[in-house]
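Peer 1: Model the structure of this input:
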Amino acid sequence: MEPTTKSRKLSFEAWMEKVDREIERRSLFGVTSADLPDCCYADWYDDGLSAKAAAGRAIRAGRE
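Peer 2: Now for the predicted structure:
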C-alpha cells in the first residue's frame, strides 16, 4: 500500500505544490505536473495519497 497523508492540514493547492516540487526533484529537466499527461490529482488528494506517492504515479503515467 502506498503512503497516505497523516492529516488533511494541506489545502489541495498546497498539496499540488508539494507534488510539483517532488516531480521537479525527480526529473532531470525541471518537469512539473503541467508537463505530464493529465492525472487524477484531485481524486488522489481526496483519497489521502501523499504528495510523494502522487508524484511517483504521475511520473509513471508520463512514461507510459
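
Peer 1: residue ranges with poor pLDDT in this structure?
Peer 2: Within the chain, the ranges that satisfy pLDDT under 70 run 1-8.

Peer 1: Quick one: the strands in it, in order.
Peer 2: Applying DSSP state E to the chain gives no strands.

Peer 1: Tell me where the protein has helices.
Peer 2: Using DSSP state H, the helices of the chain run over 12-26, 41-46, 51-63.

Peer 1: Identify each buried residue in stretch 38-49, please.
Peer 2: By neighbour count on 16 or more other C-beta atoms under 10 Å, the buried set for stretch 38-49 is C39, Y41, W44, Y45, L49. The C-beta positions use only the backbone N, C-alpha and C, and glycine is treated the same way.

Peer 1: if we can go back for a sec, among the helices of the chain, single out whichever gets nearest to T32.
Peer 2: helix 12-26 (4.4 Å; C-beta to C-beta).

Peer 1: who's in contact with the closest one?
Peer 2: 5, 10, 30-34, 36, 41-42, 45, 51-52, 54-56, 58-59 (C-beta atoms under 8 Å, 6 or more residues apart in numbering).
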